[in-house]
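> have a look at this prediction, sequence included:
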Amino acid sequence: MNPQWLATAVEAALAAGRIQRQYFRSAIDIRKKGPIDLVTEIDVRVEREFRALIAGRFPDHAVLGEEGTDGRASAARDVRHRWIIDPIDGTTNYAHGLAIFCVSIALEIDGRTDLGVIYDPMADELFTAERGEGARLNGRRIHVSDCASIGDALMCTGFPYSVREKPGHLIAGFAEFMRISQAVRRLGSAALDLCYVAAGRFDCFYEESLNAWDVAAGALIVEEAGGRVTGTSGEAFTPHAGHIVASNGHLHAVVLSTLDTVRRRHG
């Protein structure tokens, strides 16, 4: 892999983190994209600066981002290199002054995620992965946990913005995992949730109704840390499908089985 790609992703992530820290808990413009879906001026600024960086260094590359896609990214599957960015994953947390958020950057090559970088500026934690090269936190190798019992597992999930309209199986699933696991957390940043699985802090993460920018980088980081990543029915994972189960591998089967049982009961 071209070493400039990882260097660029790290440079962009650190630059985004500096901006996020600078304006955290300050007066910024916040607007609603939906009833509970927020965007801040910092989201927009970080993505704009990232797009300019990529356009200057790799003009043939496309960019897919949460705050707007360019024509090549949205229309062309034949673009060999496509960057995927979430300028602030955890925008609701950021807007409320809660220090659980990050920037997430991935690079797809011929439709496969081959590079992932996630930076948490408040903890100063930089998670990186290149396909086949392992996963790292601040340059040091990380690995998923060895927890083999769901009763001992610390799990994590999230709810989509549509949870108000369709809470049924989402709440039922949360309740069931609360019943059978050690505990379930909901942090509000899918990218960080995945990094924490990769680092062995969580044993499993699942969520649905996601976007590629939420999970592309994090899923690769989990895989490269020795974990397993699939769709919520056990199918091969793709960040564009909108759903994910990421685990240490030992717990994957029981998590999939539990989700299937909840779906059949609650539709």
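Cool, the structure landed.
> okay, now Leu170: neighbour count?
The number of residues packed near Leu170 is 20, by other CB atoms under 10 Å. No exception for glycine: its C-beta is placed from N, CA and C like everyone else's.
> for it, pull up the helix or strand it's in.
Following DSSP states H and E, the helix or strand that holds Leu170 is helix 168-180.
> what average pLDDT does that helix get?
For helix 168-180, the mean per-residue pLDDT is 91.
> just checking, what packs against it?
If you count contacts as 3 or more CB pairs under 8 Å, 6 or more residues apart in numbering; DSSP states H and E, helix 168-180 packs onto strand 154-157, strand 183-185, helix 252-266.
> now this protein, which segments are flagged as low pLDDT?
Residue ranges of the chain with pLDDT under 70: 34, 36, 69-78, 162-165, 267.
> ok, longest helix in it?
Secondary structure of the chain per DSSP state H: the longest helix is helix 3-23.
> contacts for it?
For helix 3-23, the external contacting residues (CB atoms under 8 Å, 6 or more residues apart in numbering) are 42, 45-46, 49-50, 53-54, 57-58, 83, 85, 87-88, 94, 101, 103, 105, 107, 115, 117-122, 126, 128, 130.
> report how many residues lie close to the residue lying closest to Asn248 once chain neighbours are set aside.
The shortest distance from Asn248 to any non-neighbouring residue, by CB to CB, 6 or more residues apart in numbering, is to Val144 (3.9 Å). The local packing of Val144 (other CB under 10 Å) involves 26 other residues.
> ok, Val144 - contacts?
197-198, 200, 203, 222, 225-227, 247-249.
> likewise for Gly139?
Counted by CB under 8 Å, 6+ apart, Gly139 has contacts Leu126.
> need the phi and psi values for it.
Gly139 adopts backbone torsions of phi 90, psi -10, taken as degrees, to the nearest 10.
> that one and Ser104: what is the separation?
19 Å (CB to CB, to the nearest Å).
> picking up where we left off before, ok, which of the helices and strands packed on helix 168-180 comes nearest Phe237?
helix 252-266 (11.5 Å; CB to CB).
> the helices and strands packed on helix 168-180 into a markdown table, with extra columns for mean neighbour count and distance to Val10?
Output for those, formatted as a markdown table (neighbours: other CB atoms under 10 Å; distance: least, CB to CB, whole Å):
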| stretch | mean neighbour count | distance to Val10 |
| --- | --- | --- |
| strand 154-157 | 22 | 25 |
| strand 183-185 | 15 | 28 |
| helix 252-266 | 16 | 30 |
